[in-house]
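1. Provided below are the primary sequence and the corresponding predicted coordinates.
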Amino acid sequence: MSNIKKAIVFLAGISLYASAHAVPVFYSGTGNYYEYVSDSVLSTEAQAAAAANSYLGTTGYLATILDAGENTFITNLISGPAWIGLSDAAVEGEWRWVDGPEAGDLAVYTNWSAGEPNDYISGEDYTQIRTNGTWNDHGLPHFPTYRHGYVVEYSPVPAPTTLALLGMGLAGFGFIRRKRLTQD
Ligand SMILES: [Ca+2]
Ligand SMILES: [Ca+2]
């Protein structure tokens, strides 16, 4: 392949990425970053799709929404219905976070739409957040071909090198203080 062709393929790749992905946005309420991905995926594909993303060296996970503030932040981020990481696929009626720091936890805060979760006909085991911020159970098993975007959350942890440098800085500060005290 010629260099020009390679460049075109590369640029096409960037524009494809740009069409579906946004730069993750920081929310001070949790200290985490969030990204709405408009790629259409099945309810059962969203968890793996989220985990295929990484940012600042940390792996993404389908968003976990623990309070009204986080729910509002995510609502402002999305431009269509989006999967979040809440499912009762394991035990019907037990809505648990599937991934991230809260993996396995029962949802305490919820923001279901009126009449939801309704487990429509043969069942809906996954959760979408709508553009008005309310939640609805949707997807499989009753809707095996229903697809839309999803929300990725990233919980960055301070790198060990950053902590080590911080520790060295504090130790150095203590040394200077002691030195000054002995000189006085
Ligand atoms: Ca969260
Ligand atoms: Ca429903």
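-> That came through, no problem. Ligands and ions are numbered 1, 2, ... in the order given.
2. Any residue of stretch 39-59 touching ligand 2?
-> No - against ligand 2, stretch 39-59 shows no contacts by Cβ under 5 Å from the ion, the least distance being 11.3 Å. Placement of C-beta: from N, CA and C, glycine included.
3. show me the contacts for the most centrally placed residue in the chain.
-> When Cα atoms, centre = their mean is applied to the chain, the residue found nearest the centroid is E153 (1.7 Å). The neighbours of E153, taking Cβ atoms under 8 Å, 6 or more residues apart in numbering as the test, are 32-34, 50, 60-64, 85, 100.
4. Return the per-residue confidence for V157.
-> Listed pLDDT for V157 reads 78.
5. where does this protein come near ligand 2, residue by residue?
-> Contact residues (Cβ under 5 Å from the ion) of the chain with ligand 2: 116, 118, 120, 124, 136-137.
6. 6 Å - rerun?
-> Proximity of the chain to ligand 2 is confined to 116-118, 120, 124, 136-138 under the rule Cβ under 6 Å from the ion.
7. tell me which of these is nearest to L106?
-> Checking the residues of the chain next to ligand 2 against L106 by Cβ to Cβ gives P117 as the nearest, at 13.5 Å.
8. helix or strand for that closest one, which one?
-> Assigning secondary structure by DSSP states H and E places P117 outside every helix and strand.
9. try the one 5 residues further on
-> Assigning secondary structure by DSSP H and E places S122 outside every helix and strand.
10. Mind listing the strands the longest strand anywhere in the chain pairs with, and their directions?
-> Ranked by residue count, the top strand of the chain under DSSP state E comes out as strand 32-42. With DSSP bridges as the test, strand 32-42 is paired with strand 25-27 (antiparallel), strand 147-154 (antiparallel).
11. could those be laid out in a markdown table, adding mean pLDDT?
-> A markdown table is the format used below for those (pLDDT from 0 to 100):
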| stretch | mean pLDDT |
| --- | --- |
| strand 25-27 | 97 |
| strand 147-154 | 98 |
